[in-house]
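Student: need a structure here:
(chains A and B)
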Amino acid sequence: MKVGFFVREALRSVNRNAVPSFAAIASVVVTVLVLGVFIPVVQATTGAANEVRGRVLVDVFLKTNAKDADVERVRRLLVDKTPHVGKVQYVSKQEAYQEEKRRNPEAYQLLGSNPLPDTFRVTPDKPGNALKLRDELSPVTASGARTAIDPAIGTVKNRKDETTKILTATRVVKLAMGSLAILLIVASLLLISNTIRLSLFSRRREVEVMKLVGATDWFIRWPFVIEGVVLGTLGGGLAIALLLVGKLALLDPLASDFALIAAPRTVSFVSLAALLLVASVVVSALGSGLSLRRFLKV
Amino acid sequence: MAITEREAQHLERTRALPGERVPDVIEFRGVSKRYDSGDTGLEQATFSIKRGEFVFLVGQTGSGKSTIMRLLIKELDPTAGIIRVAGRDLRDINSRKVPYYRRNLGVVFQDFKLLPNRTVHDNVAYALQVTGGGRKDIRAKVPDILRLTGLSTKLHNFPDQLSGGEQQRVSVARAFVNHPPLLLADEPTGNLDPETSIGIMQLLYRINRTGTTVVVATHDDQMVDRMRRRVIELSGGRVVRDEHQGRYAGRGDETTAEFGALMRGEPAPAPRRLTEPGDLFDDAFQDES
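Tutor: Take a look at the predicted model:
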């Protein structure tokens, strides 16, 4: 009975305050649309950045005369005794030769014999630790030159310039995306709460009268909260419908052509839609419930 | 059960206890109110109002009438002194209980304070809904009270479609629909022309006749002087005059028509006695035209 009363009150005020209700719905639509587009973009970008960072490697070249026992010893050294090691991949002379030959057949035709050493491709546990790992494997000695920690290791390389470039570039991208996302969320919250506050402000006299007649705070508040839920659902639903149309009409045809769009780590549309809908309902319900507090002090 | 019968019974009950000590409906003891701005709202005000009285608070603007009203609905708290309503100290009512306390008061304001988005019927019904009154309750009480206030034909109008007098009637109806023991009216006729004002005052008088204590704040002392009711005059926040009985002592049993005539300053029509107290209402109703 009481729930029915509150719902009827909420619907009545949506009906009677068409213009403020429309403004609230519009602001919810706009923010949900922007977030709905932006969340996958941020995800795809940071996903791509992480993938690039994942390609940072340290190559450990053994001496060409290394025996099988040496290879085994170095592998154990890398896996068990060295810090910052993530993954170790072993590429034998023959494998390396096959690979290179396939890539550049003429040059290797001329060569005849196999000049390549056995190689360990070591992925650091975190991309940022690549340089430390290198220092670990071939520390800088007093003379300034590098010496490997094992006699079987020829050289340790990690294409230093490239690594630093990749690391700084991806860090900038991630930071920029993160701060943009925060800015957008703050802006959406402000937009929605301001719209709600304006519509409440135009009704503050009504709230005052209700208080004077002897209504308790929650008796006044519930219809406003339910109204927020209704407006949030309408706005969120509309925005999600628009997003769906956009996805089907624009994005899906392009997905096969652009790696970024097809990046596998973005959320599925269903969970994104659910998240946005819940967020818009909660934000507008809380917004109208909390903004009301000020006018309840009569 | 119609309002008239119910109220008549209530009247009988209250009259049946002549010797018993009933607590005063309103008691102010040395009440002062100083606003944050430094203005004095009320200074050492002491008075009490008995059950069933019809009392005018008069004074110029800024004399403290509205402060008394706002203290009584607990919109403000006094800086000093004790206020008791029906024997209950208002300091004991915390902010959570204020809504429940206010349901025992009917309040009428100069600017009507109606809900603009609701019809006449819904405005009055809201006062019942607030107290948890269901549809049955509303169907039983609202049409009755609207008939009493002469608004039966305006049921589905919105406040902005009514004249000032009609709007004030709606607000009186809303104030009285719960049958509160105390009705406060802050300048109820301030925005109305003299003839409409008399209609509103008659309505308040009629409500007073059912046993409800009525306190009316007004600056129209000419009208008050003609009415021979108790008058509490305020000036600069102090009670400067409290004419209890004496020349203001009304007989308290005029019909509404006589009351109206008094207010117009006409000679009172020949007194008629009524046999049944319950008829008071129907009688009152007729002189609506």
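
Student: so where is the stretch 1-150 of chain A shaky, pLDDT-wise?
Tutor: For the stretch 1-150 of chain A, the stretches with pLDDT under 70 are A:1, A:144.

Student: hmm, 80 instead?
Tutor: Counting by pLDDT under 80, the stretch 1-150 of chain A has low-confidence residues at A:1-2, A:44-57, A:66, A:79-84, A:86, A:103-113, A:126-150.

Student: Show me what from it comes close to chain B.
Tutor: Neighbours of chain B within the stretch 1-150 of chain A, by Cβ under 8 Å from any Cβ of the partner chain: A:1-2, A:5, A:12-13, A:16-17. In short, each C-beta sits where N, CA and C put it, glycine included.

Student: among the residues you listed, which ones are buried?
Tutor: With burial judged by 16 or more other Cβ atoms under 10 Å in any protein chain shown, the buried subset of those is A:5, A:13, A:17.

Student: Surely the second one is in contact with residue A:225?
Tutor: No. Here residue A:13 does not reach residue A:225: they are 11.7 Å apart, not a contact under Cβ atoms under 8 Å.

Student: coming back round to it: among the residues of the stretch 1-150 of chain A next to chain B, which are located in helices?
Tutor: A:2, A:5, A:12-13, A:16 (DSSP state H).

Student: helices or strands up against the host helix or strand of residue B:128?
Tutor: Here residue B:128 sits within helix B:120-130, counting by DSSP states H and E. Counting contacts by 3 or more Cβ pairs under 8 Å, 6 or more residues apart in numbering or on different chains; DSSP states H and E, helix B:120-130 packs against helix A:204-213, helix B:135-148, helix B:164-176.

Student: What residues sit buried inside the first one?
Tutor: Residues of helix A:204-213 classed as buried: A:206-213 (neighbour count, 16+ other Cβ under 10 Å).

Student: want to throw the helices and strands packed on helix B:120-130 into TSV with mean pLDDT and distance to residue B:59?
Tutor: TSV is the format used below for the helices and strands packed on helix B:120-130 (pLDDT from 0 to 100; distance: least, Cβ to Cβ, whole Å):
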stretch	mean pLDDT	distance to residue B:59
helix A:204-213	88	23
helix B:135-148	91	31
helix B:164-176	94	21
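
Student: deepest of those, which one?
Tutor: helix B:164-176 (a mean of 24; mean count of other Cβ atoms under 10 Å in any protein chain shown).

Student: on that earlier part again, please dump the helices and strands packed on helix B:120-130 into a markdown table; it should also carry distance to residue B:42 for every row.
Tutor: Below are those laid out as a markdown table (distance: least, Cβ to Cβ, whole Å):
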| stretch | distance to residue B:42 |
| --- | --- |
| helix A:204-213 | 20 |
| helix B:135-148 | 33 |
| helix B:164-176 | 23 |
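
Student: Out of those, the one nearest residue B:99 is which?
Tutor: helix A:204-213 (7.3 Å; Cβ to Cβ).

Student: Show me what that closest one is packed up against.
Tutor: Right, helix A:204-213 is packed against helix A:217-246, helix B:98-102, helix B:120-130 by 3+ Cβ pairs under 8 Å, 6+ apart.

Student: Deepest in the core, which of these is it.
Tutor: For these, the highest mean count by mean count of other Cβ under 10 Å goes to helix B:120-130, at a mean of 22.

Student: residues making contact with that helix?
Tutor: Residues from elsewhere that reach helix B:120-130, judged by Cβ atoms under 8 Å, 6 or more residues apart in numbering or on different chains: A:5, A:210, A:213-216, A:219, B:99, B:103, B:114-115, B:118, B:133, B:137-138, B:141-142, B:145-146, B:151, B:154-159, B:162, B:170, B:173-175, B:177-178.

Student: still on that earlier bit, quick one: which of the helices and strands packed on helix A:204-213 is nearest residue A:119?
Tutor: Of all those, helix A:217-246 sits nearest to residue A:119, with 47.4 Å by Cβ to Cβ.

Student: Can you name the element that comes right after that closest one?
Tutor: helix A:252-255.

Student: helix or strand right after that following helix?
Tutor: Criterion used, DSSP H and E; the element after helix A:252-255 is helix A:269-291.

Student: then that following helix to CSV, C-alphas only?
Tutor: Output of helix A:269-291 as CSV, limited to C-alpha atoms (Å, rounded to 0.1, in the frame of the first residue of the first chain):
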residue,chain,number,x,y,z
PHE,A,269,28.5,-5.1,-24.7
VAL,A,270,26.1,-6.8,-22.4
SER,A,271,28.2,-6.3,-19.3
LEU,A,272,29.0,-2.7,-20.3
ALA,A,273,25.3,-2.0,-20.8
ALA,A,274,24.5,-3.5,-17.4
LEU,A,275,27.2,-1.5,-15.7
LEU,A,276,26.1,1.7,-17.3
LEU,A,277,22.4,1.1,-16.5
VAL,A,278,23.1,0.3,-12.9
ALA,A,279,25.4,3.3,-12.6
SER,A,280,22.9,5.7,-14.0
VAL,A,281,20.1,4.4,-11.8
VAL,A,282,22.2,4.5,-8.7
VAL,A,283,23.6,7.9,-9.4
SER,A,284,20.3,9.5,-10.1
ALA,A,285,18.5,7.9,-7.1
LEU,A,286,21.3,8.8,-4.7
GLY,A,287,21.6,12.2,-6.3
SER,A,288,18.0,13.1,-5.7
GLY,A,289,17.9,11.5,-2.3
LEU,A,290,21.0,13.3,-1.0
SER,A,291,20.3,16.6,-2.7
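
Student: Contacts for it, please.
Tutor: Counting by Cβ under 8 Å, 6+ apart, residues outside helix A:269-291 touching it are A:24, A:28, A:31-32, A:35-36, A:39-40, A:188-189, A:192-193, A:196-197, A:200, A:221, A:224-229, A:231-233, A:235-237, A:239-240, A:243-244, A:247, A:267.

Student: Which of the helices or strands spans residue B:44?
Tutor: strand B:40-49.

Student: Can you give the strand pairings for the next helix or strand after that strand, parallel or anti for each?
Tutor: Sequence-wise, the next helix or strand downstream of strand B:40-49 (DSSP H and E) is strand B:54-58. Strand B:54-58 has its sheet partners listed here by DSSP bridges as strand B:213-218 (parallel), strand B:230-235 (parallel).

Student: deepest of the ones you listed, which one?
Tutor: strand B:213-218 (a mean of 24).

Student: Now do it against strand B:40-49, angle only.
Tutor: Here strand B:213-218 runs at an angle of 150 degrees relative to strand B:40-49 (axes from the mean of the first three to the mean of the last three Cα atoms, to 10 degrees).

Student: and strand B:213-218 with helix B:164-176, angle?
Tutor: Using the same axes, to 10 degrees: strand B:213-218 against helix B:164-176 is 150 degrees.

Student: pLDDT on the next helix or strand along the chain from strand B:213-218, on average?
Tutor: Next along the chain after strand B:213-218, taking DSSP H and E as the criterion, comes helix B:221-227. Taken as a whole, helix B:221-227 has a mean pLDDT of 76.
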